[in-house]
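**Student:** Here is my input, please return the structure:
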Amino acid sequence: MVRTSREGGVWVAVARNESSLRPLIEKGFKVVAGPPRATVDDTQPMHLDFTEWLERRPEPEPMDEGDYAAALELLRSPWTPVPVLPKVQVAGVAIVMVVTGWTVADQQAVEAAVVVAKALGRSSYVILVQNDPDCHEATRDWTPSSRSHCRRVYARNDGFAAACNAGAAARRKTTRWLLFTQSDVSFTAQAVREAVAHSTAYAAVVGPSGGILADGGKAIQEVGANVRHGGDARPVDFVTGYWLLMGVEEFAEVGGWWEGVFLYFEDPDLCLRLALMGVRSVVVPDLDVRHGRSATITPRFGPVSRRRIQAWSKSAFMDRWQ
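**Tutor:** Below is the predicted model:
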């Protein structure tokens, strides 16, 4: 069975498998994303941000043979839950918030993050990564409600991973924790405290959502808040990058985010490399974190380009780890 629709002037077909799309392929349509959601696109060009990034993309850096299996062995090793009490005081949290536009919603998200930083204490603060030249101009006259709790980083749009690295590089020397997030996410100070407590207890990178890798990364089973899983902390293969907390020392040792993809699959790559250092990935579904589910990505790239970028990143991730 094939369902077709028109998205942004482009015909898109969705099928359970590629064989169902064969009649369309024979007519000259192009498959640009594979199962379980196969997308056929005959006209849509890639988004300019992505095509320009491809021209300056870093050289591929393949992992060593056996690294993938070794990382999963640690991530899936026996797990023993331990009692975790939220920390009352959390010091030195840098909230790295990546923004690629500057709508009212973006500004509200940044201000809300500043409020969280103030609630955590004077040594916690927001690093606003303005990840687009248009965003730089739009925010020229904007001033945060608390300058001591917000610093800015201006970045060329080289993807989410590069923006996270640019924000982390601007951290203060007193920073102990890095919380990576984006402007379609809302969260509370209590969520940060609980994440720090779990990270300390399990020596882990922590977030509300994550995933289990299957078939070498071809398939991902989502776990946590994004699929409405509640309950206690649980181990996963990776924590999703929309809200991910980790220690500064671990970030420095692992070498930051991999910048070989523009969007998608930078989070499983980070967590697999951390696993090679002995760092687990833990999902805490009940953290008070709410995600807009691509609310910042789809309006900018469109649904077709977004899926094509996702398929490209999956291929790059698999090439790197196989």
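
**Student:** Just the helices from the stretch 201-322 of the chain, written as ranges.
**Tutor:** 248-254, 266-275, 298-321 (DSSP state H, counting those that start in this stretch).

**Student:** Buried deepest among these, which one?
**Tutor:** Most buried of these, by mean neighbour count (mean count of other C-beta atoms under 10 Å): helix 266-275, with a mean of 25. The way it works is simple: take the backbone N, C-alpha and C, and place the C-beta from them, glycine included.

**Student:** Nearest to Y68, out of the helices of the stretch 201-322 of the chain?
**Tutor:** Of all these, helix 298-321 sits nearest to Y68, with 4.5 Å by C-beta to C-beta.

**Student:** In CSV, list the C-alpha atoms belonging to that closest one.
**Tutor:** The C-alpha trace of helix 298-321 is given here as CSV (Å, rounded to 0.1, in the frame of the first residue of the first chain):
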residue,chain,number,x,y,z
THR,A,298,10.6,21.4,10.1
PRO,A,299,9.6,25.0,9.5
ARG,A,300,13.1,25.9,8.5
PHE,A,301,13.9,22.9,6.2
GLY,A,302,10.5,21.6,5.3
PRO,A,303,9.4,18.0,5.8
VAL,A,304,11.0,16.7,2.6
SER,A,305,14.5,18.2,3.1
ARG,A,306,14.4,17.3,6.8
ARG,A,307,13.8,13.6,6.0
ARG,A,308,16.5,13.7,3.3
ILE,A,309,19.0,15.2,5.7
GLN,A,310,18.1,12.5,8.2
ALA,A,311,18.6,9.7,5.7
TRP,A,312,22.0,11.2,4.7
SER,A,313,23.1,11.4,8.3
LYS,A,314,22.1,7.8,9.0
SER,A,315,24.3,6.7,6.1
ALA,A,316,27.2,8.8,7.3
PHE,A,317,26.8,7.4,10.9
MET,A,318,26.7,3.8,9.7
ASP,A,319,29.8,4.4,7.4
ARG,A,320,31.7,5.8,10.4
TRP,A,321,30.9,2.9,12.8
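
**Student:** Can we start the residue count at 7 from this point?
**Tutor:** Sounds good: first residue 7 from here, last item helix 304-327.

**Student:** residue ranges with poor pLDDT in the stretch 107-256 of the chain?
**Tutor:** Residues of the stretch 107-256 of the chain that meet the criterion pLDDT under 70 lie in 231-236.

**Student:** ok, back up a step: which one, of the helices of the stretch 207-328 of the chain, ends up nearest to L81?
**Tutor:** Minimum separation from L81 across the helices of the stretch 207-328 of the chain (C-beta to C-beta) falls at helix 272-281, 5.0 Å.
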